[in-house]
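Engineer: next input, structure requested:
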Amino acid sequence: MADTLRPVLERRLKSGIAGDVSFDRFTRGRYATDASHYQIMPVGVVAPRTMDDAARAIAIAREEGVSVLARGGGTSQCGQTVNASLVIDCSKYLNRILELDVEGKRCVVEPGIVLDDLNRALKPHGLWFPVDISTASRATIGGMTGNNSCGARSLRYGNTRENVISVNAILSDGRAQAFGPASPSLSEFPPSSPMHALASDLLALGAREADEVAARFPKVQRRVGGYNLDALLPGRNDLNLAHILIGSEGTLGFTTQVELKLSPLLGRRAVGACHFGRFYDAMDAAQHIVRLKPIGVELIDRTMIELAREIAIFRPTLEQFVRGAPDAILLVEFGEDDHDENLRRLKQLSALMGDLGYAWTKDGLKQGGVVDILDPALQAAITEVRTSGLNIMMSMKDEGKPVSFVEDCAVPLEHLAEYTLRLTDVFEKHGTRGTWYAHAGAGCLHVRPVLNLRLDKDVKAMRAIAEEAFAMVRAYKGSHSGEHGDGIVRSEFHEFMFGSKLVRAFEQVKARFDPDGLFNPGKIVHAPKFDDRANFRFGPGYRGEDVATRLDWSAWPGSGGGFQGAVEMCNNNGACRKIEGGVMCPSYRVTRDERDVTRGRANSLRLAVTGQLGPDALSSDGMAETMKLCVSCKACRRECPTGVDMARMKIEVQAARAARFGFPLRDRLVGWLPRYAPYAIAFPWLMNARDIVPGAAWLSERLAGFSARRSLPQWRRDVFRDVIPGRGREPANPESITTTGSMDSGSGTVAPSRNDEHQVVLFADTFNRYFERENLDAAGAVLTAAGYIVQVAQPADDRKRPLCCGRTFLSVGAVDQAREEAERTLAALAPFIDRGIPVVGLEPSCILSFRDEIPALVKSDAADKLAGLALTFEEFLALEHKAGRLDLKLKSTPGRALVHGHCHQKAFDAFGPVQTVLKLIPDLKVETIESSCCGMAGAFGYGADTIDVSLAIGELSLLPAVRKAPDDAIIVADGTSCRHQIHDGTGREALHLARVLADRL
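Structural biologist: Residues are numbered from 1 along each chain as shown. Got it, this is the predicted structure:
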């Protein structure tokens, strides 16, 4: 990766503005890509704190001869937000609502505000900004304005252009200027003003090119290519000068604020899922369906359905609305104010499908019909699947991935079926296939042929496919740029689509606004070749280095045993940048720094393992800093649509660093806890002195990095010693086991079947064994009361040290030691594994290691079988209850229980069982705390260098919710760290589910 050193620019920016200024390789590398397949290294990155900061940064860049690139969420799919420029990131600080006029249904915002954040603020007022794009959780209004974004409901609400009133911008000469509605005479501007001269020139250009615009601009709603010259045509009574900036991709000025037109919130909706046996027929039906005036008609095809079924977070949703094996589904949404009218149209939709020859009773291609979807929760879940369409498609693990370059073509609906059929033939001719989804009702389908852009032959195929596809689109009088903008992908083809005369007009617009090319050069006009591999993420000479890895990455291709391929699964879609909902990415929600989001870490890893960050980058200080705030919550494992597991990747980074530098004292104290714990309990008074003796906490912070602001867990003598209360110690006797195991298809875990006796193995983890034995005692009591024969997993070797899952070792990158512990545990559990006996644990991070890390550490049949047998305490009880085998009598408990889910419970879809089991307590009202990570994350919350972020994560939602809870409410948290964070942050005691149940036996 070549460096472009600009020491004067860096020095002037750092002394001249109050925002963040970064010119290091790692930061620049994180901003070198967006959601496209391009990579261009920026000169530096600035995150201005105020708009004055932004203006000063632009002025300094202009004086230093450096171009400027405005950036929001970095989710552009055509390369709009990559350039060899000074990046100005508006998303971190420039994200306020400046003005809200509820009565007038309008607001003024800064460009860095995220669409979902804006709509959350508008919702209490009954309003929203209705351009509901799929990236709403991370796309900024500035980016949407720059792209002229279109949402799923554009049939009703139009594009961003139709919903923007005015735009304020800094122009290339440094002048701040407002663009908005104007009269054709431009009487609003003094005749001698620069704005009057600019507007006059633009209107003259519009008048000159009026005939060409009428002849060459596509007559489809989904046209966002080029500059909006149609906004400048003579005779318009709705002249709005802001429209020339909308869709300009930051090439004409730097947006400082946007005035938006708002709409009333949608009420109850009705959705019909139209099933088709053949893709072509679904496309042909779209033109008939739109006559029913739906607000959206969205496509999901067979490939998307099949891939989504492989993703745990989406599988339950598909099971509720997909019938059989359709080749395509059209999701048709009605959103009239009168819900009865929505229901009438839903019936008309079913009648229409019948008229088209579809029925559920038929066989073959005409088997199909409409599945009515009226439940708002299911509608929302389906929307989540639909909006994740691109990322679901990108979840393929092969080196070939669906590539975006013809995906936004829009054609008139009467040609849609023929166009898709012909384009499929083009793909087949070039040895590939396409994935399809998105906006069928608008004639705009997101289609991506699967290509490997590391291969010259596939790059040549991309060029050929683009040229043939755009020729078809032009023949149909459609738009080659229908939603995601021009960027590098489509700008080259403007002359082919619009003609040379209009492209010269586009160039004149650029020259009039930005004669020196200050703003995002090379986009819309004067573009590079779209297939120039020098600008590709996988450019010439791209290859993975021979890095040593410790875990199993064989499911992916590439170097490091597949580690490279696993890292490359990140396609920069930015779903990890969401601020609310789900869990990921906790540290980013606090810092709003690209470094601290899964995407940023993945980009750094990819650049490191391909040698673009210099030698030994994987173990470098820069990589350690990149990974420092990853709390290993595993949320990305579940919530990242392409399955990037940053928690597991962090283990590799820590292992590489430890191999180079060794383990620091804090890591040794944390990682080797299971090894020294049996000796520490002999001297609890000594081990606890740190929190008693004055000055000892301060000293521990200086020597070992444990924050003096945290007390450490208290050691005790009365630890759990493998004895179930009331039963005494019983050795495992596999010959007495009479249960067998059967796989539960929903959870992927083994559900025991009951014979005369039924048994369970209790795995005592290190944390509960030494610090909170009450939880293990409670679990034993509950399981015994329910009639189970409970045995405690004990070592099979002659060492007396208790078993350990290896979690503490993994948390510091001590992979060899973790593997040793895993092998000891597998040996001890072998008799139970062979007979299918469930292994039940209390600490989610420990017991769920048997499903995740241990199979990646130890390649054996036993490890694979244990992954299916390992259950959290609540999972086991919930499965037994579902099977009708749970005989647990509990006392009535009127009141409330507030439940916080451990991150790993959520990541493995194991949080629902906590709520299920709690509801077995009569009269107890169970409420879920909608929270991300607690912020403690094992040793993370104890670090002197991470405690502030730890507490800030807790304050996002969990700690405030606990403080608001009534004094008599039961606070339930199954994670040791979660309970400690709740205690430290609120003074409230949280209980493990096992204790809650045991107290009510």
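
Engineer: drop to CA atoms for contacts and neighbour counts, all remaining ones
Structural biologist: Will do.

Engineer: quick one: contacts for the residue nearest to the spatial centre of the chain?
Structural biologist: Within the chain, one residue has its C-alpha closest to the average C-alpha position: by C-alpha atoms, centre = their mean, that is Ala575, at 2.5 Å. Residues near Ala575 by C-alpha atoms under 8 Å, 6 or more residues apart in numbering: 135, 137-138, 640-641.

Engineer: try it again at 7 Å.
Structural biologist: Shown in contact with Ala575 (C-alpha atoms under 7 Å, 6 or more residues apart in numbering): 138, 640.

Engineer: quickly find the element holding Ala878.
Structural biologist: In the assignment (DSSP states H and E), Ala878 maps to helix 873-882.

Engineer: scratch that, Asn572
Structural biologist: Using DSSP H and E, Asn572 falls within no helix or strand.

Engineer: verify the stated contact: Thr432 with Asn452.
Structural biologist: No: the pair Thr432 / Asn452 is not scored as a contact, 10.2 Å apart, by C-alpha atoms under 7 Å.

Engineer: could you give the number of residues near Ile953?
Structural biologist: By the criterion of other C-alpha atoms under 10 Å, Ile953 has 25 neighbours.

Engineer: with adjacent residues omitted, what lies nearest to Ser149?
Structural biologist: In space, and not counting its chain neighbours, Ser149 is closest to Thr160: 5.4 Å by C-alpha to C-alpha, 6 or more residues apart in numbering.

Engineer: the one you found against Pro130, yeah?
Structural biologist: No: here Thr160 does not reach Pro130: they are 8.8 Å apart, not a contact under C-alpha under 7 Å.

Engineer: show me what contacts Ser149?
Structural biologist: By C-alpha under 7 Å, 6+ apart, Ser149 lies in contact with 159-160, 483-484.

Engineer: can you give me the distance of it to Gln77?
Structural biologist: Distance, Ser149 to Gln77, using C-alpha to C-alpha, to the nearest Å: 12 Å.

Engineer: could you name every residue contacting both of these two?
Structural biologist: Jointly contacting Ser149 and Gln77 under the rule C-alpha under 7 Å, 6+ apart are His484.

Engineer: mind jotting down where the helices sit in the stretch 901-1001 of the chain?
Structural biologist: All helices of the stretch 901-1001 of the chain, identified by DSSP state H, counting those that start in this stretch, fall at 903-907, 912-918, 947-956, 958-964, 976-986, 993-998.

Engineer: export these as CSV, with columns for distance to Val164 and mean pLDDT.
Structural biologist: Output for those, formatted as CSV (distance: least, C-alpha to C-alpha, whole Å; pLDDT from 0 to 100):
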stretch, distance to Val164, mean pLDDT
helix 903-907, 39, 93
helix 912-918, 42, 95
helix 947-956, 32, 97
helix 958-964, 36, 97
helix 976-986, 43, 96
helix 993-998, 51, 98
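
Engineer: on that earlier part again, by contact count, what packs against the following helix or strand past the helix holding Ala878?
Structural biologist: Going down the chain from helix 873-882, the next helix or strand is strand 895-900, by DSSP H and E. Under the contact criterion of 3 or more C-alpha pairs under 7 Å, 6 or more residues apart in numbering; DSSP states H and E, strand 895-900 touches strand 924-928, strand 970-973.

Engineer: could you pull out the strands for the stretch 751-900 of the chain?
Structural biologist: With DSSP state E, counting those that start in this stretch, the ranges of strands along the stretch 751-900 of the chain come out as 759-763, 789-792, 839-841, 870-872, 895-900.

Engineer: who are the contact partners of Leu343?
Structural biologist: Ala270.

Engineer: next, it: phi, psi?
Structural biologist: phi -70, psi -40 (degrees, to the nearest 10).

Engineer: local confidence estimate at it?
Structural biologist: Leu343 is assigned a predicted lDDT (pLDDT) of 96.

Engineer: closest to Cys633 out of the contacts of Ser149?
Structural biologist: Closest to Cys633 out of those is His484 (32.3 Å), distances taken as C-alpha to C-alpha.

Engineer: ok, that closest one to Ala830 distance?
Structural biologist: For His484, the distance to Ala830 equals 55 Å [C-alpha to C-alpha].

Engineer: what of Arg106?
Structural biologist: From Arg106 across to Ala830, the span is 66 Å (C-alpha to C-alpha).

Engineer: what pLDDT is listed against Arg268?
Structural biologist: With respect to pLDDT, Arg268 scores 94.

Engineer: again with Gly746
Structural biologist: At Gly746, the model reports a pLDDT of 34.

Engineer: okay, and Gly622 sits in which element?
Structural biologist: Gly622 is located in helix 621-627, with elements delineated by DSSP H and E.

Engineer: contacts for that helix?
Structural biologist: With C-alpha under 7 Å, 6+ apart as the test, helix 621-627 has contacts from 26, 595-596, 601, 617, 650.

Engineer: the next helix or strand after it packs against which elements?
Structural biologist: Downstream of helix 621-627, the first helix or strand assigned by DSSP H and E is helix 635-639. Under the contact definition 3+ C-alpha pairs under 7 Å, 6+ apart, helix 635-639 sits against helix 903-907.

Engineer: export the helix it packs on to CSV, keeping only CA atoms.
Structural biologist: What follows is helix 903-907, C-alpha atoms only, in CSV (Å, rounded to 0.1, in the frame of the first residue of the first chain):
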residue,chain,number,x,y,z
CYS,A,903,-24.2,-11.4,24.3
HIS,A,904,-23.3,-15.0,23.6
GLN,A,905,-26.8,-16.1,24.4
LYS,A,906,-28.0,-13.8,21.7
ALA,A,907,-25.3,-14.7,19.3
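
Engineer: what's in contact with that helix?
Structural biologist: Helix 903-907 has contacts (C-alpha under 7 Å, 6+ apart) with 633-635, 637-638, 844-845, 911, 933.

Engineer: Asp363: neighbour count?
Structural biologist: Neighbour count for Asp363, taken as other C-alpha under 10 Å: 11.

Engineer: and for the one 10 residues further on?
Structural biologist: By other C-alpha under 10 Å, 21 other residues sit near Ile373.

Engineer: give me the phi and psi for it.
Structural biologist: phi -130, psi 100.

Engineer: check the one 5 residues further on too.
Structural biologist: In terms of degrees, to the nearest 10, the main-chain angles of Leu378 are phi -70, psi -40.
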